[in-house]
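In: Sequence first, predicted model second:
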Number of protein chains: 2
Amino acid sequence: MTLIERIGKALEPVMLLMGLISPLATLPQLYKLYFSHGQYALGLSLTTWSMYSFIALLWTIYGLYHKNPTIWVGNGLGFLMYLAMVAGIIDRVGFTF
Amino acid sequence: MTLIERIGKALEPVMLLMGLISPLATLPQLYKLYFSHGQYALGLSLTTWSMYSFIALLWTIYGLYHKNPTIWVGNGLGFLMYLAMVAGIIDRVGFTF
């Protein structure tokens, strides 16, 4: 069994969990923006975080349409996280690219 | 047909494209880090971008395992983008959380 096959097989039962890790991984970035490093907010791209939010929203709708929690749970949470980034950036520095 | 059904159905043929949008949406953030706003790099979370890279790598392997380009193309590109963020943050400010 190749390495790809072994990792792919091992991931199968934890896909819902995996879908939650990226949204949760956004927490340190939110912490920096809102609490510890707000004065560096201009270095964050409003475009990037807005697009992330928009795409996560589309995936959430797609997952709901297919009644597939593996898709909509993680993306729903991701949407909230990325939207909080967007709100924080606008609050700190207004509109930027 | 509900709104969710209409959007879900419309997204069906463009999922591969959708998987590419989030990685490409990272370009403005990379531009700010590398070219226009490098002095604000301390506001970027090394934890967040490292986790994004790691998760994208796992999804890439998962997609390759299932021979599903819709999964591995976007995540493979995402992995490269997020890794470039990690490299840029370390280059600008060294290790941070």
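Out: Nice, thanks for sending it over. The shown structure was predicted, so the numbers you read here are calculated from the model rather than taken from an experiment.

In: For the longest helix along chain A, name the packing helices and strands.
Out: If you go by DSSP state H, chain A has its longest helix at helix A:69-93. In terms of contacts (3 or more CB pairs under 8 Å, 6 or more residues apart in numbering or on different chains; DSSP states H and E), helix A:69-93 is packed against helix A:15-25, helix A:27-31, helix A:46-65. C-beta coordinates here come from the backbone N, C-alpha and C atoms, glycine included.

In: which of those helices sits most buried?
Out: helix A:46-65 (a mean of 21; mean count of other CB atoms under 10 Å in any protein chain shown).

In: Would that one count as contacting chain B?
Out: Yes. Against chain B, helix A:46-65 shows contacts by CB under 8 Å from any CB of the partner chain at A:Thr47, A:Thr48, A:Trp49, A:Met51, A:Tyr52, A:Ile55, A:Leu58, A:Trp59, A:Ile61, A:Tyr62, A:Leu64, A:Tyr65.

In: cool, and stretch A:8-19?
Out: Yes. Counting by CB under 8 Å from any CB, chain B has neighbours in stretch A:8-19: A:Gly8, A:Lys9, A:Leu11, A:Met15, A:Met18.

In: Just checking, which of those comes out lowest on pLDDT?
Out: Least confident entry in the residues of stretch A:8-19 next to chain B, by pLDDT: A:Met15, with 81.

In: shaky segments in chain A?
Out: Under the criterion pLDDT under 70, no range of chain A is flagged.

In: returning to that earlier point: what's the closest of the helices and strands packed on helix A:69-93 to B:Leu42?
Out: Nearest to B:Leu42 among those is helix A:27-31 (12.3 Å), distances taken as CB to CB.

In: Contacts only, for A:Thr70.
Out: Going by CB atoms under 8 Å, 6 or more residues apart in numbering or on different chains, A:Thr70 touches A:Met15, A:Leu16, A:Gly19, A:Gly63.
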